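1. Take a look and give me a structure for this.
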Amino acid sequence: MPDPNWTVLGPLIIAALVAYIAWQQWRTAKNRLKFDLFKKRFNAYQHLYNLVQEICQKGKATNDDYVRWRVETRDIKWLFSAPFSKYVYNELLPAVRQLSHIHTMIKNPAPDQDTDALIQKEVELASSFDDKLSVLDKKVSRDLKLKH
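-> Presented below is the predicted three-dimensional model:
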């Protein structure tokens, strides 16, 4: 006759092992989700950084650049926290729009338009994008942490 202690303890030990394995699988899935989100965020951030860097190098933004910005930053609101998204949509995008508008006015000036003043404004606005790179780094640091 089997020992009554083992008939009770056997299923409990097996249940504990199954629970431990399930917990490990849950933890692995949770960490994998964090890593996948980190990769998506990092790729989006790198892309955004490259867009800002491009404006810094060119010193201008065309309407095509602005449209590209709108398309290529559309996922930011889903991937990042509200402060970072607000910075991108309320500060960076309007600055790119303004820069592209100024560039259009320089390329197609009105007859009474002072293009020298517009060029100066374009240079000032484009040079402000250098500062935006460091602000971008600070603002994204909260979202680009891989904690397990």
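
2. What average pLDDT does the lengthiest helix in the chain get?
-> Looking across the chain with DSSP state H, the single longest helix is helix 4-58. Here helix 4-58 scores 90 as its mean pLDDT.

3. and residue 69, how many residues sit next to it?
-> 23 (other C-beta atoms under 10 Å). Every residue, glycine included, has its C-beta placed from N, CA and C.

4. Pull out the buried positions in the following helix or strand past the longest helix of the chain.
-> Using DSSP states H and E, the next helix or strand after helix 4-58 towards the C-terminus is helix 63-72. The neighbour-count check on helix 63-72 (16 or more other C-beta atoms under 10 Å) flags 65-66, 69 as buried.

5. tell me which of those is nearest to residue 34?
-> residue 69 (28.2 Å; C-beta to C-beta).

6. distance of the closest one from residue 141?
-> As judged by C-beta to C-beta, to the nearest Å, residue 69 and residue 141 stand 22 Å apart.

7. Compute the inter-axis angle for the host helix or strand of residue 137 and helix 4-58.
-> Element membership of residue 137 [criterion: DSSP H and E] is helix 115-140. If you take axes from the mean of the first three to the mean of the last three C-alpha atoms, to 10 degrees, helix 115-140 sits at 170 degrees to helix 4-58.

8. Show me what helix 115-140 is packed up against.
-> Contacts defined by 3 or more C-beta pairs under 8 Å, 6 or more residues apart in numbering; DSSP states H and E place helix 115-140 against helix 4-58, helix 82-87, helix 93-107.

9. State the mean pLDDT of it.
-> Rounded mean pLDDT across helix 115-140 is 87.

10. Any idea how far it is from the middle of the chain?
-> In terms of C-alpha atoms, centre = their mean, to the nearest Å, the centre of helix 115-140 is set 19 Å apart from its chain centre.

11. buried set for it?
-> 118, 122, 125-126, 129, 132, 136, 139-140.

12. Turn those into JSON lines, columns for distance to residue 29.
-> Below are the buried residues of helix 115-140 laid out as JSON lines (distance: C-beta to C-beta, whole Å):
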{"residue": "118", "distance to residue 29": "55"}
{"residue": "122", "distance to residue 29": "50"}
{"residue": "125", "distance to residue 29": "46"}
{"residue": "126", "distance to residue 29": "45"}
{"residue": "129", "distance to residue 29": "40"}
{"residue": "132", "distance to residue 29": "37"}
{"residue": "136", "distance to residue 29": "31"}
{"residue": "139", "distance to residue 29": "30"}
{"residue": "140", "distance to residue 29": "26"}
